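1. Below is the sequence, then the predicted model.
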Amino acid sequence: MADIAFLLLIFFLVTTTMDVDTGIIRRLPPPVEEEIDQKIKERNIMNVLVNKNDRLLVNGLPGSVETLKDVAKNFMLPHYPDNPSYPEVELKNIAMLGDVYTSKGVISLKNDRGTSYDMYIRVQNELARAFNELRDELSKDRFGVRFSQLTDEDKVKAINEAIPVRISEAEPESIGGK
């Protein structure tokens with residue numbers, strides 16, 4: 001009897017499927033040793049808010065997950081230096097790339113405590129896709145291959161310096177009521 005119970009237990013353990021939560025592959029920055037109060041100009045910030053009903057507000061206007069990647073990509077592209085409609089740009093001399101305009105833009109993401117996990121992951125994926133596409137375009141332009149296909153660490157470092165992932169994520173809170 002004990003052997004049969006043991007075999008049934010093994011059978012159910014082996015045949016049962018378990019849901020695996022999806023995660024985000026992102027390298028976190030090192031801890032800040034001292035508090036630095038950085039002032040960022042309003043034109044350099046793209047605000048993305050997700051409420052408890054999984055609805056997006058992008059810079060105060062209703063948005064959708066389907067268009068978030070394109071909006072973020074357009075915002076982070078280094079446009080002309082004197083265009084006040086877009087973030088400021090800085091001319092940097094980067095090894096292996098030469099003189100490159102880099103955006104000072106930052107994407108500020110804030111979620112409501114009631115935001116679903118699925119929506120949170122979808123928003124994060126779209127923002128990551130925007131930065132990946134920008135890196136792919138620069139890599140193809142300068143090195144002839146996609147960013148993910150670069151094998152030279154110096155080239156990877158140069159692309160990462162030209163297009164850093166600037167996403168500021170605020171602590172979730174209840175947005176718009178109790």
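-> That came through, no problem. Residues are numbered from 1 along each chain as shown.
2. On the pLDDT front, check Arg107 for me.
-> You called it Arg, but residue 107 is Ile. pLDDT recorded at Ile107 is 93.
3. typo on my end, it should be Arg113
-> 88.
4. Likewise for Leu77?
-> pLDDT, Leu77: 87.
5. any idea how far Ile45 is from Ser168?
-> Look at Ser168 and Ile45: by CB to CB, to the nearest Å, they are 8 Å apart. Yep, even glycine has a C-beta here, placed from its N, CA and C like the rest.
6. Give me the more crowded residue out of those two.
-> Neighbours were counted for Ser168 and for Ile45 using other CB atoms under 10 Å; Ile45 has more, 17 against 12.
7. related to what we said a few turns ago, what touches both of Ser168 and Ile45?
-> Residues touching both Ser168 and Ile45 (CB atoms under 8 Å, 6 or more residues apart in numbering) are Val106, Ile107, Ser108.
8. Sheet-wise, list the partners of the helix or strand of the chain with the lowest mean pLDDT with their directions.
-> Lowest by mean pLDDT, DSSP states H and E among the helices and strands of the chain is strand 167-169, with a mean of 87. Using DSSP bridges, the strands paired with strand 167-169 are strand 106-111 (parallel).
9. which residues in the chain form strands?
-> 45-50, 56-58, 61-63, 89-94, 98-103, 106-111, 167-169 (DSSP state E).
10. could I get the ones you listed as JSON lines with distance to Ala130?
-> Output for the strands of the chain, formatted as JSON lines (distance: least, CB to CB, whole Å):
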{"stretch": "strand 45-50", "distance to Ala130": "10"}
{"stretch": "strand 56-58", "distance to Ala130": "12"}
{"stretch": "strand 61-63", "distance to Ala130": "13"}
{"stretch": "strand 89-94", "distance to Ala130": "17"}
{"stretch": "strand 98-103", "distance to Ala130": "12"}
{"stretch": "strand 106-111", "distance to Ala130": "8"}
{"stretch": "strand 167-169", "distance to Ala130": "10"}
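11. what's the closest of these to Asp154?
-> When the strands of the chain are compared for distance to Asp154 using CB to CB, the nearest one is strand 89-94, at 10.4 Å.
12. Keeping just the C-alphas, turn the closest one into PDB.
-> Provided in PDB are the C-alpha atoms of strand 89-94 (Å, rounded to 0.1, in the frame of the first residue of the first chain):
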ATOM      1  CA  VAL A  89      21.100  66.500 -26.500                       C
ATOM      2  CA  GLU A  90      24.800  66.500 -25.800                       C
ATOM      3  CA  LEU A  91      27.600  66.000 -28.300                       C
ATOM      4  CA  LYS A  92      29.900  63.300 -27.000                       C
ATOM      5  CA  ASN A  93      33.100  61.900 -28.400                       C
ATOM      6  CA  ILE A  94      32.800  58.100 -27.800                       C
END
